[in-house]
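give me a 3D structure for the following:
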Amino acid sequence: MYDIKVEDIEELFDNEIFERGEEYFEEELVKDIELIDDKTLIGTVIGNDRYKVTISVDSDGEIVCDCTCPCDFNCKHAVALLLKWVNEKGNHKGKNSKSDSSKLPEKEETIKEILQKKNKEELVDLITNFLSKEPKLKSLITIRKNEIYKKVKSLFSESWGWNEVRILIEELGLILEGIKKNKSSWNKDLLDEMEKTSKILVNGEDNVHDDGDLSFFLNDWFEIFGEIFASIRPTIEEKKEFIEKIKKFIEKDDYGFDNDIERALYGMCKTKEDAELIKENYKIKDWYYDEKTGKESYDYKENNDFYLELYEKIGADQEYLKFAKEKSFSIEYVDKLISLERLKDALEGCYKQKEYNNEIEERKYKILKKLGKNKESQEVLFGLSKHTYSLDMILKLKKESSKKEWENYKKEIIEEAKKSKINEIVSKIYYHEEDYPNAYEYAKNLTNSVYLELLARKLSKNYPDKACFLLRKLMSHWISSGSGYPYKKAGKLLKEIKSIDCSGNIFKKIKNEVINEHKKKYSLMNIIDKI
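Numbers count the residues shown, from 1 in each chain. Now for the predicted structure:
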C-alpha cells in the first residue's frame, strides 16, 4: 500500500471517474480510513449513502478495489479513498516517515491567501468593482428591508423545468448565504420577512419541477429561520406562538416538506427548557381513514428521533440517554454511551439487545476491541462476517486471526455463502486467497465487468481457456451496451484474448463468433477486422 502513487490511481481509472473521485476527496467526503495490513486498506466514503470501500494490492502488485456502492469495483469512492491514502500515508507509517504527499501536484495559492495579503483600500476597491459586475452578490454584504421577499417572490413567479432547477437553487442559496453572513441584520423585521418568504417557498413548489433539490435548500432555510427567531430573545409565550406557526406550516404543506420545515424548531432550540417546550407543544396530526366510523380521523405523530436531535444539539446527555432508552432507540443509546466513554455500560446495552442486529454487533465488536477483549471481539467479527458477507469485515477477520483460526472461519463463511448462493463473495474470498480457479468457478454468472477482467488476468498464465471465457463474456456485455466506447472496449478485450491464446484456436473461434453474430454492426466490424 505504501508504494501506491497518484500516477497509479490515474492509470487505474477512467478520466471521468478519477475526476469525480478527486472532487469527493477535495470535499472531504472520506470519513474514515484504516490500514488493515500492508496490502489492505478500508474506509468509508459519503455519497448518496455511506459506502464501505476496500482497497488491496494482490501478489502481482495490482490494485484491487471493492465498494458497497452500485458500481462495486473501481468507482469514484475508491478514487477518493486512494487519494486520501496517498495524501496521509506518512502519518500511518510513522512520524519519521516521509509522506508521499509531496508527489501530489503542487497547490496554487488560494484566493483567501491572496486576499489576506491586500490592504483595506485594495479590498474595498476590489469588492466595489466586483459588485458592479455582479450586483446579485450585494446581499452577501447587506440586506435591505423586503429585499429577500421581493427576490424570492420574483423567482417563484416563473416556472422552473428539470434542467433549470440548479439555477434556481443557486439563486436561493445566494440569498440564504447573505442572511447567514449579515447577523447584524437579524431582528424582528427580518423575522417577519422570513415568515412571509417561507410561505412563498413552500407554496411555490407548483412552479418547480425538481427531484428533491428544493428540499435540501428548505432544510437550511428553516433552520436559519429558527436561529433568527432565537436571536431576538423571545419570551416563553412567543416561543409557543412560533411553535404553533411552524405546526401550521407543516399541516398546510402538500409537498412532503414537513421534515424540512421542522428544522425551524431545531434552529430555535438553545436550552433544555426549549427542548421540553418543543416536546410539549409540537404535536402533529397524523390523519387516517377510520373504517369503523367511515370518516377521516387523526392521531398525534410522535417525532422521537427529532427530540433526540434536540437533546444532542444542546448537549443534554442524560436526557438523551433516558429518552433513547424509553423509546427503544438502541443504536442511538449505545452510540451516546460510547461517545461518553462509558464503554462497559455501552457493552451491557449491546448484550441486552434480544434480536440479532448488525449495527449493534458492529458496536459490540468496537467496544470489545477498545476494552482489549480480543478473543470475544474476534467471535463477534466472525458472526458479522457471516451475516453481512462484507468483504472488508472478512479481510479484517483474516488479519485478526491466526492461520489455523482463519482456515476454520473461511471454510464456514464460504459454506454459508454457497448455501445462500452468494457467489460473488465466494469468488472474491477465493480471489483474495489467490485461489483463482475456484474464484473462476463462482464468477461464471457474475456481471461485475471490472472484477471479471481482473480475474481473467490472474487466470491468463496458467488457465488461458478460463481467462478467454470470461473475456468473451465481457465482450458480449460491452457490445450490447451500444456503439462508440463499448465497441472499442470489446476490441481491446479481443486483443487480450489473442495475446493469451498461444495456440490461436480460441481467438479464431471467438472472433468468428463475434463476426457472425454482429456482422451488421459496421463500426464494430471495422474494429474486429483489424485484430
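
can you name the next helix or strand after the lowest-mean-pLDDT helix or strand in the chain?
Lowest mean confidence among the helices and strands of the chain (mean pLDDT, DSSP states H and E): strand 295-301, at a mean of 69. For strand 295-301, the following helix or strand on the C-terminal side (DSSP states H and E) is helix 304-314.

from the chain's centre, how far out does that following helix sit?
In terms of CA atoms, centre = their mean, to the nearest Å, the gap separating the centre of helix 304-314 from the centre of its chain is 23 Å.

helices or strands up against it?
Where contact means 3 or more CB pairs under 8 Å, 6 or more residues apart in numbering; DSSP states H and E, helix 304-314 is packed against helix 263-268, helix 272-281, helix 317-326. Heads up, the C-betas are built off the backbone N, CA and C, glycines and all.

run the angle between the second one and helix 304-314 for me.
It stands for helix 272-281. Helix 272-281 and helix 304-314 meet at an angle of 170 degrees, taking axes from the mean of the first three to the mean of the last three CA atoms, to 10 degrees as the criterion.

care to break this structure down by domain?
The chain breaks down by automatic domain parsing into domains covering 6-103, 156-329, 447-531.

could you list the low-pLDDT ranges of this structure?
Where the chain drops to pLDDT under 70, the residues are 72-74, 90-108, 287-288, 297-298, 300.

circling back to that earlier point, relative to Lys411, which of the domains of the chain is closest?
domain 6-103 (20.6 Å; CB to CB).

what segments of the protein are strands?
With DSSP state E as the criterion, the chain has strands at 30-37, 40-46, 50-57, 63-67, 284-290, 295-301.

of all these, which lies closest to Leu470?
Across these, Leu470 has its closest neighbour in strand 63-67 (15.5 Å, CB to CB).

and that closest one, what does it pack against?
By 3+ CB pairs under 8 Å, 6+ apart, strand 63-67 packs against helix 6-12, strand 50-57, helix 76-93.

and those: which comes nearest Met268?
Among the helices and strands packed on strand 63-67, strand 50-57 comes nearest to Met268, with 29.3 Å by CB to CB.

partner strands of the closest one and their direction?
Looking at strand 50-57 with DSSP bridges, its partner strands are strand 40-46 (antiparallel), strand 63-67 (antiparallel).

dump the ones you listed into TSV; add distance to Tyr440 and mean neighbour count as well.
Below are the strands paired with strand 50-57 laid out as TSV (distance: least, CB to CB, whole Å; neighbours: other CB atoms under 10 Å):
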stretch	distance to Tyr440	mean neighbour count
strand 40-46	22	22
strand 63-67	16	23
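
wait, which of these is closest to Leu168?
Closest approach to Leu168 among the strands paired with strand 50-57 is made by strand 40-46 (25.0 Å; CB to CB).

now for Val208, how many residues are close by?
By other CB atoms under 10 Å, 21 other residues sit near Val208.

ditto for Glu237
8.

just how off-centre is stretch 265-279 within its chain?
That offset, for stretch 265-279, works out to 30 Å (CA atoms, centre = their mean).

ok, and for that stretch, which residues are buried?
Neighbour counts using 16 or more other CB atoms under 10 Å place 265-269, 274-275, 277-279 of stretch 265-279 among the buried residues.

next: stretch 192-205.
In stretch 192-205, counting by 16+ other CB under 10 Å, buried: 193-195, 197-198, 200-202, 204-205.

quickly name whichever of the buried residues of stretch 265-279 is closest to Asp58.
Using CB to CB, the buried residues of stretch 265-279 come closest to Asp58 at Tyr266, 47.9 Å.

quick one, what contacts that closest one?
Contacts for Tyr266 (CB atoms under 8 Å, 6 or more residues apart in numbering) come out as 223, 226, 306, 309-310, 313.

in TSV, list those along with distance to Leu454 and neighbour count.
Output for those, formatted as TSV (distance: CB to CB, whole Å; neighbours: other CB atoms under 10 Å):
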residue	distance to Leu454	neighbour count
Glu223	46	19
Gly226	51	21
Phe306	46	16
Glu309	43	18
Leu310	49	24
Lys313	46	15
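
mind giving me a markdown table with the residues you listed and columns for distance to Asp392?
Formatted as a markdown table, the contacts of Tyr266 follow (distance: CB to CB, whole Å):
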| residue | distance to Asp392 |
| --- | --- |
| Glu223 | 35 |
| Gly226 | 39 |
| Phe306 | 32 |
| Glu309 | 29 |
| Leu310 | 34 |
| Lys313 | 32 |
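
for burial, what's the neighbour tally of Ser56?
Counted with other CB under 10 Å, Ser56 comes out at 21.

in this structure it contacts Ile42, no?
No: applying CB atoms under 8 Å as the test, Ser56 and Ile42 come out as separate, 9.2 Å apart.

could you tell me which residues touch both of those two?
Joint contacts of Ser56 and Ile42 (CB under 8 Å, 6+ apart) are Leu395.

ok so, going back, so which of the domains of the chain is nearest Lys366?
domain 6-103 (11.6 Å).

gap between that closest one and the chain center?
14 Å.

likewise stretch 1-13?
23 Å.

end to end on that stretch, go ahead and measure it.
17 Å (CA to CA, to the nearest Å).

for that stretch, which positions count as buried?
Within stretch 1-13, the residues that count as buried by 16+ other CB under 10 Å are 1, 4, 6, 9, 12-13.

ditto for stretch 64-81
Going by 16+ other CB under 10 Å, stretch 64-81 has these buried residues: 64-69, 71-81.

and what of stretch 137-148?
Applying 16+ other CB under 10 Å to stretch 137-148 flags 139-140, 143, 148 as buried.

and for stretch 355-369?
Under the neighbour-count rule (16+ other CB under 10 Å), stretch 355-369 has 360-369 buried.

so which of those belong to helices?
360-369 (DSSP state H).

closest one to Lys52 out of these, please.
For these, the nearest to Lys52 is Glu362 (11.0 Å; CB to CB).

which of the buried residues of stretch 1-13 lies closest to Asn505?
The closest of the buried residues of stretch 1-13, once distances to Asn505 are taken by CB to CB, is Leu12, at 32.3 Å.

and that closest one, how far is that from Lys386?
31 Å (CB to CB, to the nearest Å).

give me the contact list for stretch 495-509.
Contacts for stretch 495-509 (CB under 8 Å, 6+ apart): 456, 460, 464-465, 467-468, 471-472, 494, 510, 531.

of these, which pair is most distant in space?
Across these, no pair lies farther apart than Asp465 and Ile531, at 19.1 Å, counting by CB to CB.

hmm, Tyr307 and Lys279 touching each other?
Yes: under the criterion of CB under 8 Å, Lys279 makes contact with Tyr307 at 5.6 Å.

contacts only, for His518.
479, 524-525.

which of the residues you listed lies closest to Glu22?
Ile479 (30.9 Å).

would you turn the buried residues of stretch 265-279 into TSV with distance to Ser231?
Output for those, formatted as TSV (distance: CB to CB, whole Å):
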residue	distance to Ser231
Leu265	15
Tyr266	15
Gly267	10
Met268	10
Cys269	13
Asp274	13
Ala275	18
Leu277	17
Ile278	17
Lys279	22
